[in-house]
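A.B. asks: Provide a 3D model corresponding to the input given below.
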Amino acid sequence: QVQLVESGGGLVQAGGSLRLSCVASGRTFSPYAMGWFRQAPGKDREFVATITWSGGVAVYANSVRGRFTISRDNAKNTLNLQMNSLKPEDTAVYYCAARLNIATPRFDYWGQGTQVTVSS
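C.D. replies: Coordinates of the predicted model:
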């Protein structure tokens, strides 16, 4: 089993920054990729960004490209999301997730989420 624990959420004014972290623990951890997703009240969960664990190849949603940066620290089993120029529409619960295999296009493990609230 893999446990994912997010931290770093909070309340920030529009234009501000936050840095989310996600620490993985449990079995020997070597996923194919990890990602960040978010879910706003009354909306479906949506993709934010993903990064391959070994090569560090990142992909972003159009809505966050240029403002958010995903990174990982393999030695510490940690995934990060630096969020700059935050907007009220970024308000959501943010979840990190791990995708174990390249062959299966799904994320196998999820964290409990951390709330991000951006005030206007």
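
A.B. asks: List the contacts of residue 32.
C.D. replies: Residues in contact with residue 32 (Cβ atoms under 8 Å, 6 or more residues apart in numbering) are 52-53, 99-102. From N, CA and C alone the C-beta is placed, and that goes for glycine too.

A.B. asks: which one among those gets closest to residue 19?
C.D. replies: residue 53 (19.4 Å; Cβ to Cβ).

A.B. asks: Now for the closest one, how many residues are close by?
C.D. replies: Here the count is done by other Cβ atoms under 10 Å, and residue 53 has 20 residues near it.

A.B. asks: Reduced to three states, what does the residue nearest the centre of the chain come out as?
C.D. replies: When Cα atoms, centre = their mean is applied to the chain, the residue found nearest the centroid is residue 36 (2.4 Å). Three-state assignment for residue 36 (DSSP: H, G, I helix; E, B strand; the rest coil): strand.

A.B. asks: can you give me the strands in the protein?
C.D. replies: 2-7, 10-13, 18-26, 33-39, 46-52, 58-60, 68-73, 78-83, 92-99, 109-110, 114-119 (DSSP state E).
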